[in-house]
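S.K.: I'd like to go over a predicted model; first the sequence, then the structure.
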Amino acid sequence: MTAPSPWWQRGVIYQIYPRSFLDTDGDGIGDLAGIEARLDHVARLGADAVWLSPFYPSPMADFGYDVADYCGVDPIFGDLAAFDRLLARAHDLGLRVLLDFVPNHSSDRHPWFQESRSSRTNAKRDWYIWRDPGPDGGPPNNWISDFGGPAWTWDEATGQYYLHAFLKEQPDLNWRNPEVVAAMMAAMRFWLDRGVDGFRIDVLWHIVKAEGLPDNPVNPDWREGVRDRDRLIQRHSTDQPEARALAAQFRRMADGYGERVLVGEIFLPNERLARWYGTAEEPGVHLPFNFQLIEQPWDAHRLGDVIAAYDASVPAHGWPNWVMGSHDAPRIAGRIGEAQARVAAMLLLTLRGTPTLYQGDEIGIGRVEIPATRARDPQELRQPGIGIGRDPSRTPMPWDGSPDAAFSTAEPWLPLNPDWRTRNVAAQEHDPGSMLHLYRKLLALRRDRPALALGSWHALEAPSGVIAYERRHGDERLTVLLNLTAGRIAIPWRADPILSTLATDPEPGALRPDEGLILA
Ligand code: ISL
């Protein structure tokens with residue numbers, strides 16, 4: 001008999017952005033008590049785990065991805081007791097809880113960095129990456145911050161530069177220093193000992209830089225209007241073998257706690273992504289995030305190829321996963337429209353691999369224009385107007401049609417989706433044809449059918465505009481047909497339709513415009 005598959009293979013992860021879930025203390029910003037109060041929404045949806053974006057003490061230069069204390073809770077969000085209540089409630093509901101671990105950089109307000117910058121001889125100097133100026137007196141190398149501009153900031157007091165892959169308020173930790181490794185692993189243990197079920201690990205492929213910090217090669221494809229970061233190829237600043245060795249070390253620690261899961265945030269092409277699974281003997285993270293549904297154009301032919309190539313690239317000891325939205329990526333319904341967002345939901349929840357859903361996508365929040373005066377995202381503020389702002393995906397959850405959509409009693413920190421009076425959780429609850437009900441049906445089906453949760457994936461021949469595949473597990477066979485166009489497409493399907501993305505009965509021998517179908 002084979003061992004039952006672990007929960008994180010069968011399960012579905014739901015990402016919560018704490019600032020924007022529910023505000024219970026009237027400051028316009030969500031909090032841990034708000035998450036606790038609304039976990040039943042996630043449980044009813046049918047997800048298995050929540051991943052919480054950072055809620056640690058932070059000056060919020062990058063909205064919590066600048067951590068000033070890895071073992072605490074920012075007062076904006078509550079305190080450790082509020083976290084413990086949230087965790088207990090989640091476990092009562094059968095939901096696992098993953099925290100966001102941010103290892104590449106701390107806040108410049110973290111006591112470690114304060115010490116490190118206090119003098120060249122401080123015991124924590126080497127906890128961060130300090131270098132003398134380059135030969136021309138400028139930065140030590142040509143690296144560019146992911147948020148634009150040089151990745152080095154000059155420190156007048158001690159006469160050296162420090163490295164930061166993101167904001168200057170986010171100095172990179174030096175993971176080549178064993179004391180840093182020990183301190184950060186202790187922080188992970190702090191939360192594992194409290195009962196968390198794993199971590200989503202922020203920019204994991206960034207954490208170690210090539211020895212000697214050589215210049216990155218120039219990207220010949222860069223052109224004006226594209227983000228500054230892409231002027232260079234991040235060959236020496238990311239994806240180092242030493243970082244994968246650290247991932248394996250994290251894995252050994254997590255496995256020591258039983259069935260925990262490590263999700264690595266990694267942006268790499270298939271062959272390089274696959275290396276983050278480690279080997280069967282020495283595994284790396286359980287799930288190196290796969291962002292291809294976010295990155296690829298919404299085109300059946302292209303996506304069909306991408307799905308097949310990714311599925312084939314996952315090593316036998318690994319397990320695939322799919323992400324369709326996040327607090328960093330444009331909203332799927334904004335990108336492809338609501339009708340296709342329903343097809344996208346069916347795709348995400350019928351592929352082979354653990355899906356990650358992003359809060360608000362289950363009600364189809366679409367494009368939100370953020371007026372320049374309300375822009376908050378540092379990425380937008382540093383490179384305005386080129387369409388890389390992340391605020392539109394971070395707007396508050398609209399719970400019902402009452403003032404401020406019952407998100408808060410104060411003005412929300414970001415505007416709501418403009419259609420919140422009709423597009424909110426309560427309104428969709430009452431509409432059986434809503435996106436919310438479609439998500440629930442898809443999640444329920446995935447839970448009921450091992451072919452969907454665990455089965456193998458096989459591409460089927462399909463007319464242009466359609467993605468077609470079969471999922472197989474034991475004797476169970478399910479066919480998925482997805483029409484990525486707004487036209488009717490004849491396709492000779494037989495078998496029994498068990499779910500359509502459209503509310504009315506399927507039409508034999510065809511896919512209707514914007515229709516996805518699951519057949520048994
Ligand atoms: O934002 C992006 C694409 O829209 C990415 O390039 C992003 O920088 C990358 O996803 C890394 O994101 C993570 O680390 C950042 C933080 O700002 C993001 O919110 C986080 O998800 C730095 O900690």
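M.R.: In hand now; what should we look at?
S.K.: run through the residues of the protein sitting next to the ligand.
M.R.: 62, 65, 102, 146, 166, 202-203, 265, 327-329, 390 (C-beta under 6 Å from any ligand atom). Where you see a C-beta, it was placed from the backbone N, CA and C, and this is true even at glycine.
S.K.: please repeat the previous calculation with a cut-off of 5 Å.
M.R.: Contact residues, the chain versus the ligand (C-beta under 5 Å from any ligand atom): 62, 65, 146, 166, 202-203, 328.
S.K.: contacts only, for the residue of the stretch 1-150 of the chain found nearest the ligand.
M.R.: Closest residue of the stretch 1-150 of the chain to the ligand, C-beta to the nearest ligand atom: Y65 (3.3 Å). By C-beta atoms under 8 Å, 6 or more residues apart in numbering, Y65 lies in contact with 54, 58, 100, 102, 166, 170, 202.
S.K.: neighbour-wise, which of those residues leads?
M.R.: Highest neighbour count within the contacts of Y65: V102, with 28 neighbours (other C-beta atoms under 10 Å).
S.K.: pretty sure it is in contact with R200, am I right?
M.R.: No. Using C-beta atoms under 8 Å as the test, V102 is too far from R200 to be in contact (9.7 Å).
S.K.: partners of I518 in the sheet?
M.R.: Here I518 sits in beta bridges with V480, L499, as judged by DSSP bridges.
S.K.: that one: how many residues sit nearby?
M.R.: 25.
S.K.: measure it to F166 for me?
M.R.: 41 Å (C-beta to C-beta, to the nearest Å).
S.K.: which SS class is the residue of the stretch 1-150 of the chain closest to the ligand?
M.R.: coil (DSSP: H, G, I helix; E, B strand; the rest coil).
S.K.: what's the spacing between the residue of the stretch 401-520 of the chain found nearest the ligand and T395?
M.R.: Going by C-beta to the nearest ligand atom, the ligand is nearest to L414 of the stretch 401-520 of the chain, at 14.4 Å. Distance, L414 to T395, by C-beta to C-beta: 5 Å.
S.K.: the more surrounded of these two?
M.R.: Taking neighbours as other C-beta under 10 Å, L414 and T395 compare with T395 leading, 24 against 21.
S.K.: confidence score at the more buried one?
M.R.: pLDDT for T395: 98.
S.K.: element containing the spatially closest residue to R421 that is not a sequence neighbour, please.
M.R.: Spatial nearest neighbour of R421, excluding adjacent residues (C-beta to C-beta, 6 or more residues apart in numbering): G401 at 5.2 Å. Following DSSP states H and E, there is no helix or strand that holds G401.
S.K.: for the worst-scoring helix or strand of the chain on mean pLDDT, which positions count as buried?
M.R.: Here the helix or strand of the chain ranked lowest by mean pLDDT, DSSP states H and E is helix 378-382, holding a mean of 94. Judged by neighbour count using 16 or more other C-beta atoms under 10 Å, the buried positions of helix 378-382 are 378-380, 382.
S.K.: ditto for stretch 290-299
M.R.: Buried-residue list, stretch 290-299, by 16+ other C-beta under 10 Å: 290-294, 298.
S.K.: check stretch 71-87 too.
M.R.: 72-74, 76-78, 82-83, 86-87.
S.K.: so what would you say the end-to-end distance of that stretch is?
M.R.: 15 Å (C-alpha to C-alpha, to the nearest Å).
S.K.: before we move on, back to that, which of the buried residues of helix 378-382 sits closest to G334?
M.R.: Checking these against G334 with C-beta to C-beta, the nearest one is E380 at 15.4 Å.
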